[in-house]
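> sequence first, predicted model second:
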Amino acid sequence: MAAGGPGIDAAAAAPRSAAPRSAALDPSTDATPTSDGRAPLDPIDGTISTHLARLVLSGARQSGVDAEQLTTVPGMNETVLSGELNRLPLSSLVRLWELIAHAGPEAGAGIAVAAAAPLGTLNTWDYLITNGATLADSLRAAQPYHRLVTAAAEGFDLSHDDALTIGYRTSAGDPAVSAVVNEYVLAYYLRRAREALGRAVVPERVAFSNPAPRNHQTLIAAFGTARIEFDSPADEITFTPADANAPLPRADPMLADLLRSHADLVLASARPIPGPLEAFRIALAAGITAGDASLITVAHRLAVSPRTLQRQLAEHSTTWRHEYDLVRYEQAKSLLTEGRLTTAAIATRLGFTDDRALRKAFRRWSGASPTQLRATGRPPQRASSAR
């Protein structure tokens with residue numbers, strides 16, 4: 001069994017072409033087939049770096065998370081984690097944070113992860129945010145490269161008048177989990193500020209959106225201040241003007257340029273590792289192409305029972321029928337655009353009873369007929385997607 005666990009996981013490194021994504025199939029979008037012509041999202045937008053994954057995985061182990069639970073998190077094996085260019089699904093990171101949050105519900109779990117992350121732990125990102133003329137300059141220059149470490153959906157906000165405020169918006173939905181994530185993030189940026197300036201730094205303000213824990217002495221000790229707000233509109237840490245604008249002792253403009261060039265190369269060469277849902281969609285697409293895409297057959301490809309597969313799909317808020325239609329829609333668009341097969345032949349390949357059934361389904365999916373797509377090369381735009 002792969003270290004990523006049984007089921008709809010892919011535990012080995014895969015090239016970009018191994019995990020096709022489109023606006024209709026990408027998990028970060030509405031999963032309904034659409035015909036609005038949107039370009040596919042960058043394949044790494046929904047992924048995280050192996051550096052961050054290793055850090056949080058180590059934190060989960062230190063928090064006492066059971067080793068068996070960790071093996072069920074997609075991508076948590078040495079083969080995947082050892083590759084700097086490998087990218088893991090954001091869902092894997094969120095699952096690690098969930099395990100940490102539930103292992104230690106008291107404040108301090110996120111602080112502990114940041115405490116175990118000296119400068120260099122997150123590789124290029126760490127040096128980008130500590131190598132400008134000032135702390136504010138470093139962070140402004142690094143902001144476009146935030147995807148080096150985490151997914152595009154994770155919000156990284158900067159506000160710099162005189163003071164410097166860093167805000168973070170995690171995609172974790174569980175308030176207990178987001179509290180741990182934001183605790184880590186704000187503590188991480190405080191640690192990097194101290195390392196960049198080479199001296200003690202006390203933030204002007206720390207704010208968390210979660211309610212105050214029963215005891216937050218751990219937070220006061222870590223941040224060096226009792227000026228910590230809870231139930232705030234945003235999760236933020238603010239540095240004083242003196243700290244935000246002080247010259248950094250190790251500033252090196254040439255090194256900063258090299259770091260940005262390296263960051264561009266890393267982002268361009270990144271290799272997304274399919275997550276559970278993506279791996280399922282690959283298996284389903286292969287089954288449709290092979291002419292046998294039954295639930296039993298696809299489950300067998302993924303080494304799980306049909307019941308387990310249906311449960312896993314439900315955990316991703318989707319169903320077999322919905323996913324089956326999504327993949328058939330994508331394949332129908334591709335085959336119709338190529339123009340090599342008749343509509344009847346495409347219907348047979350995609351498992352429809354006849355071409356009339358394909359035309360009916362295609363109009364339901366896109367609002368257009370197969371003939372319209374062939375004539376224009378794309379379905380007409382619609383105001384909203386059809387279910």
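Right, received. Where do you want to start? Numbering: from 1, shown residues only.
> which residues of the stretch 251-387 of the chain score low on pLDDT?
Residues of the stretch 251-387 of the chain meeting the criterion pLDDT under 70: 377-387.
> strands along that one, start to end?
271-272 (DSSP state E, counting those that start in this stretch).
> please report phi then psi for the nearest residue to residue 207 once chain neighbours are set aside.
Spatial nearest neighbour of residue 207, chain neighbours left out: residue 232 (3.7 Å); criterion: CB to CB, 6 or more residues apart in numbering. Every residue, glycine included, has its C-beta placed from N, CA and C. Backbone dihedrals for residue 232, given as degrees, to the nearest 10, come out at phi -80, psi 160.
> pretty sure residue 232 contacts residue 211?
No. The criterion here is CB atoms under 8 Å, and residue 232 misses it with residue 211 at 10.4 Å.
> the more surrounded of these two?
residue 232 (14 against 10; other CB atoms under 10 Å).
> how about the contacts made by the more buried one?
Residue 232 makes contacts with 207, 208, 209, as judged by CB atoms under 8 Å, 6 or more residues apart in numbering.
> so how far is residue 365 from it?
Residue 232 is 43 Å from residue 365, where distance means CB to CB, to the nearest Å.
> okay, now residue 353: neighbour count?
If we define neighbours as other CB under 10 Å, then residue 353 has 9 of them.
> which residue, other than its chain neighbours, is closest to it?
The shortest distance from residue 353 to any non-neighbouring residue, by CB to CB, 6+ apart, is to residue 347 (7.7 Å).
> what about the one you found, how many neighbours?
By other CB under 10 Å, the residues close to residue 347 number 23.
> now do residue 78
Around residue 78 there are 9 residues (other CB under 10 Å).
> surely residue 75 touches residue 89?
Yes. Under the criterion of CB under 8 Å, residue 75 makes contact with residue 89 at 7.0 Å.
> tell me where the stretch 51-200 of the chain has helices.
With DSSP state H, counting those that start in this stretch as the criterion, the stretch 51-200 of the chain has helices at 67-71, 78-81, 90-103, 109-115, 124-128, 135-142, 175-197.
> how far out from the middle of the chain is the first one?
Taking the mean of its C-alpha atoms, helix 67-71 sits 20 Å from the chain's own mean (CA atoms, centre = their mean, to the nearest Å).
> likewise stretch 293-301?
27 Å.
> contacting residues around residue 86?
Counting by CB under 8 Å, 6+ apart, residue 86 has contacts 13, 50, 75, 80, 270, 271, 273.
> now it: how far from residue 261?
For residue 86 relative to residue 261 (CB to CB), the value is 21 Å.
> likewise for residue 278?
30 Å.
> neighbour-wise, which of those two wins?
Set residue 278 next to residue 261 and count neighbours by other CB under 10 Å: residue 278 wins out with 27 against 10.
> number of nearby residues for residue 262?
16.
> that should have said residue 111, apologies.
With other CB under 10 Å as criterion, residue 111 counts 22.
> is it in contact with residue 222, as I believe?
Yes. Residue 111 is within contact range of residue 222, at 4.6 Å (criterion: CB under 8 Å).
> overlap of the contact sets of those two?
With CB under 8 Å, 6+ apart as the test, residue 111 and residue 222 both reach residue 187.
> so what's the residue nearest to residue 212 when sequence neighbours are not counted up against?
Of all residues not flanking residue 212 in the chain, residue 230 sits nearest, at 3.9 Å (CB to CB, 6+ apart). Shown in contact with residue 230 (CB under 8 Å, 6+ apart): 207, 208, 210, 211, 212.
> pLDDT at residue 34, what is it?
We note a pLDDT of 38 for residue 34 in this prediction.
> I meant residue 17, not that one.
33.
> which phi and psi values does residue 47 adopt?
Torsion angles, degrees, to the nearest 10, at residue 47: phi -130, psi 170.
> so it touches residue 274, yeah?
No. Applying CB under 8 Å as the test, residue 47 and residue 274 come out as separate, 10.1 Å apart.
> please enumerate the shared neighbours of those two.
residue 89.
> between the two, tell me which one has more neighbours.
Between residue 47 and residue 274, counting by other CB under 10 Å, residue 47 is the more crowded of the two (28 against 25).
> and the more buried one, what does it touch?
87, 88, 89, 90, 151, 270, 272, 273 are the contacts of residue 47 under CB under 8 Å, 6+ apart.
> redo that, cut-off 10 Å
By CB atoms under 10 Å, 6 or more residues apart in numbering, residue 47 lies in contact with 19, 53, 75, 86-93, 147, 150-152, 270-273, 275.
> count of neighbours near residue 256?
19.
> from residue 197, how far off is the spatially closest residue to it that is not a sequence neighbour?
Once flanking residues are discounted, residue 256 sits nearest to residue 131: 5.1 Å by CB to CB, 6+ apart. Look at residue 131 and residue 197: by CB to CB, they are 12 Å apart.
> hey, where'd the helices end up in the stretch 201-350 of the chain?
Counting by DSSP H, counting those that start in this stretch, the helices of the stretch 201-350 of the chain are 217-223, 241-244, 253-269, 276-290, 295-301, 306-315, 320-338, 343-349.
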